[in-house]
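Peer 1: Mind looking at a prediction? Sequence and model below.
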Amino acid sequence: MPVRLREFRLEDLPEVMRIELSSFPSDAFDELTFVQLYESCGDLFLVAEHEGRIVGYSVTCVEWEGGELVGHVHSIAVDPAFRRQGVGRALMEETFRRLRSLGVGEVRLEVSVSNAAGLRFWQSLGFKPVGVRKRYYADGSDALVMRRELP
């Protein structure tokens, strides 16, 4: 499915919130969190459009960690009607391209240990588990910490 990727704009917030709430009903970010992510990580806050409609988003920030630049995927979600059509992969491949251009050598993220589809997605993109964050989510569930090098 063809999608057009572009940087998030504040007027996209209602559509991003719609996708966020449908994807993470118990752990959704609120509008303020997205505004803060936009302000600090704007060029890595991407949306995917299909026929003029926002069908997915991803937001990644670059952080200094141990003297190195590291990408941290804060959130990614695709409209339920458009899942398994390459939207998430397209968002992440563009994110990886942008991170490489900034000199970032690795990307990290957290994913729920019970999110089988999410785990398969991240593994398909080359992410490997490196640890667990106990009781990371609001419901008390654990997060698997995953990382991937950016060659």
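Peer 2: Thanks, I have the structure now.

Peer 1: got a pLDDT number for the closest residue to residue 4 other than its chain neighbours?
Peer 2: Once flanking residues are discounted, residue 4 sits nearest to residue 49: 4.7 Å by C-beta to C-beta, 6 or more residues apart in numbering. Placement of C-beta: from N, CA and C, glycine included. Reported pLDDT at residue 49 in the predicted model: 97.

Peer 1: Residue 49 and residue 94, how far apart?
Peer 2: Taking C-beta to C-beta, to the nearest Å as the measure, residue 49 and residue 94 are separated by 13 Å.

Peer 1: any shared contact partners between those two?
Peer 2: Both residue 49 and residue 94 are contacted by residue 5, under the criterion C-beta atoms under 8 Å, 6 or more residues apart in numbering.

Peer 1: Next, count neighbours for residue 28.
Peer 2: Taking other C-beta atoms under 10 Å as the neighbour definition, residue 28 ends up with a count of 16.

Peer 1: Can you pull the phi/psi pair for the residue located most distally from the centre of the chain?
Peer 2: Taking C-alpha atoms, centre = their mean, the residue of the chain most remote from its mean C-alpha position is residue 67, at 23.3 Å. According to degrees, to the nearest 10, the main-chain angles of residue 67 amount to phi 80, psi 10.

Peer 1: Contacts only, for it.
Peer 2: Contacts of residue 67 (C-beta under 8 Å, 6+ apart): none.

Peer 1: ok now the longest strand anywhere in the chain, how far from the chain's centre?
Peer 2: Once the chain is assigned using DSSP state E, the strand that runs over the most residues is strand 53-65. Relative to its parent chain, strand 53-65 has a centroid offset of 5 Å by C-alpha atoms, centre = their mean, to the nearest Å.

Peer 1: Nice, that's everything, thank you.
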